[in-house]
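Asker: Mind looking at a prediction? Sequence and model below.
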Amino acid sequence: MRRRDLLGLLCCTAAGWPAASRAQQLAMPLIGFLGLSSPGAFSPRLSAFRKGLAEAGFVENRNVAIEYRWADDDVSRLQELAADLVRRNVNVIATAGGPAPALAAKAATSTIPIVFATPGSDPIELGLVASMNRPEGNITGVGFLVSTVSGKQLEVLHEAAPNAMTVGLLVNPTNPNMSYYIKNVQDAAEVFGRKLLVVRAATEAELDTALATLADHRVGALLATPDVFFFRQRERIGSWAARKNVPGMYASREFPEAGGLMSYGTSIDDGYRQEGVYVGRVLKGEKPADLPVQQAVKIELVINLKTAKALGLDIPITLLGRADEVIE
C-alpha cells in the first residue's frame with residue numbers, strides 16, 4: 001500500500017472513532033436518576049445505589065449510562081426535572097430523597113418503569129403502589145422500616161438517658177405519614193412514663209423556632225424523625241443538643257458520626273443498594289408490576305461514646321454490647 005493511501009485510511013478511521021464512541025454510548029441502556037438533594041449531599045447513598053447496580057451486572061459508563069437530575073432541595077423543581085427525563089426517553093427512572101421525587105416521576109409517566117426508595121414513608125399510603133406484593137402499573141421500589149422502629153428508638157433512648165422525663169420530638173410537617181410516626185412514639189412514651197413535646201419544622205427559620213421551644217421547655221432528650229431536611233441539618237441539630245446538654249436519638253448513623261449521641265434505624269445505604277439491584281433487574285427485562293416492593297430491614301444501632309461522656313451519661317454495658325458500632 002502506498003504511503004498516501006495508508007495516511008488516507010488512517011485519517012478516515014480516526015474520524016470515525018468519535019462517531020463510533022457516541023454510537024456505543026447511545027446503545028447503552030439509560031437510567032434517569034431523579035434526586036431531591038444535590039450530588040455532594042447524596043454521595044454516600046449514590047455509592048450504595050451504584051453498588052446495587054453492579055450486583056445486578058451494570059457498571060456506570062461501562063454498560064449503562066445515567067442521566068442525573070438534582071432538585072437542590074427545591075421540591076417545586078421535581079416535576080419539570082421528571083418531565084425532562086421522560087423527554088430523554090430513559091429506560092428506567094430511579095428516584096431518591098424521599099417520597100416527593102417518586103410522586104413527581106409517577107405523575108410524569110405511566111409507561112417508563114420507575115424504581116423508588118422512600119425513607120420514612122409508606123408507599124401504599126402515598127399512592128405510589130396498590131400493594132407491596134403486587135405494585136401494579138409501572139412502579140416499584142424499596143420502603144424503609146421507619147415508623148415501625150420509632151417506638152424502639154424511644155426505648156433505646158430511655159435506656160441511655162433514664163432521667164430524661166420530657167422528650168422533644170422533632171418532626172417535619174411536610175413529610176407524609178408523620179402522624180403514624182408520632183402515634184408510635186406517643187404510645188412508647190406512655191409505656192415508659194415520659195412526656196412528649198412535639199415540635200415541627202420544615203425550614204431553617206422554623207427549625208430555629210422549634211429548637212428554641214425545646215430549650216424553653218427544658219426537654220431532657222431529643223428524638224428527631226427521619227427526614228431529608230433534618231439529615232441536611234444534622235450538624236446544626238447536633239451542635240444545639242451538645243450546647244444544651246440534651247441527649248439525642250436519630251434515624252441514621254450520620255448523626256452520631258457528626259457528634260450526635262446515637263442512632264437506631266434502618267440502614268439507608270442498604271436500602272439504596274437494594275434500589276440499585278431492582279433497577280438492574282428492570283433493565284434486564286423484568287416488569288415493575290412483577291417486582292414486590294422490598295423492605296430495607298437491616299437495622300443498626302450506633303452510639304457515640306465520646307458524646308455520651310460529654311453529656312455525663314453512663315451508657316449501660318448491655319446497650320453498648322448491642323450496638324453495631326461504638327464511636328470513641
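Answerer: Received it, and whenever you're ready, just let me know what you need.

Asker: Torsion angles phi and psi at the nearest residue to Ala164 once chain neighbours are set aside?
Answerer: Among residues not flanking Ala164 along the chain, Gly220 sits closest, at 3.0 Å (C-beta to C-beta, 6 or more residues apart in numbering). Any C-beta I mention is one placed from the backbone N, CA and C, and that applies to glycine too. Phi and psi for Gly220, reported as degrees, to the nearest 10, are phi -90, psi -10.

Asker: those helices in the stretch 201-328 of the chain, which residues are they?
Answerer: 204-216, 228-232, 234-243, 254-257, 268-283, 305-310, 317-322 (DSSP state H, counting those that start in this stretch).

Asker: For these, which has the smallest mean pLDDT value?
Answerer: Lowest mean pLDDT of the helices of the stretch 201-328 of the chain: helix 228-232, a mean of 84.

Asker: ok, and what's touching that helix?
Answerer: Outside helix 228-232, the residues within contact range by C-beta atoms under 8 Å, 6 or more residues apart in numbering are 36-37, 41, 73, 97-98, 119, 170, 172, 201-202, 224, 237, 250, 252, 254.

Asker: quick one: which of those is nearest Ala82?
Answerer: Closest approach to Ala82 among the contacts of helix 228-232 (C-beta to C-beta): Leu36, at 11.4 Å.

Asker: The closest one contacts Ala100, doesn't it?
Answerer: Yes - Leu36 is within contact range of Ala100, at 5.8 Å (criterion: C-beta atoms under 8 Å).

Asker: what about those two, which has more around it?
Answerer: Applying other C-beta atoms under 10 Å to Leu36 and Ala100 shows that Leu36 carries more neighbours, namely 26 against 23.

Asker: What is the neighbour count of Ala323?
Answerer: That count, for Ala323 with other C-beta under 10 Å as the rule, works out to 18.

Asker: got a list of what it touches?
Answerer: 301-303.

Asker: Now that we have those residues, which of them are buried?
Answerer: When the contacts of Ala323 are checked for burial by 16 or more other C-beta atoms under 10 Å, the buried set is 301-303.

Asker: now the residues you listed as a markdown table including pLDDT and distance to Gly280?
Answerer: Below are the buried ones among the contacts of Ala323 laid out as a markdown table (pLDDT from 0 to 100; distance: C-beta to C-beta, whole Å):
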| residue | pLDDT | distance to Gly280 |
| --- | --- | --- |
| Leu301 | 95 | 30 |
| Val302 | 96 | 29 |
| Ile303 | 97 | 35 |
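
Asker: follow-up on the earlier one: tell me how many other residues crowd the residue nearest to Ala164.
Answerer: 19.

Asker: isn't it right up against His158?
Answerer: No - judged on C-beta under 8 Å, Gly220 makes no contact with His158 at a distance of 10.5 Å.

Asker: Report the set of residues contacting both of the two.
Answerer: Joint contacts of Gly220 and His158 (C-beta under 8 Å, 6+ apart) are Ala164.

Asker: How about Ala241: what's its closest non-neighbour residue?
Answerer: Counting by C-beta to C-beta, 6+ apart, Gly248 is the residue found nearest to Ala241 once chain neighbours are left out, at 4.4 Å.

Asker: Can you show me the strands along the stretch 51-200 of the chain?
Answerer: Ranges of strands in the stretch 51-200 of the chain, per DSSP state E, counting those that start in this stretch, are 65-70, 92-96, 114-118, 139-144, 166-171, 195-200.

Asker: between the helices of the stretch 201-328 of the chain, which one is nearest to Gln79?
Answerer: helix 228-232 (17.4 Å).

Asker: Need the overlap of contacts for Leu36 and Ala100.
Answerer: 75, 78.
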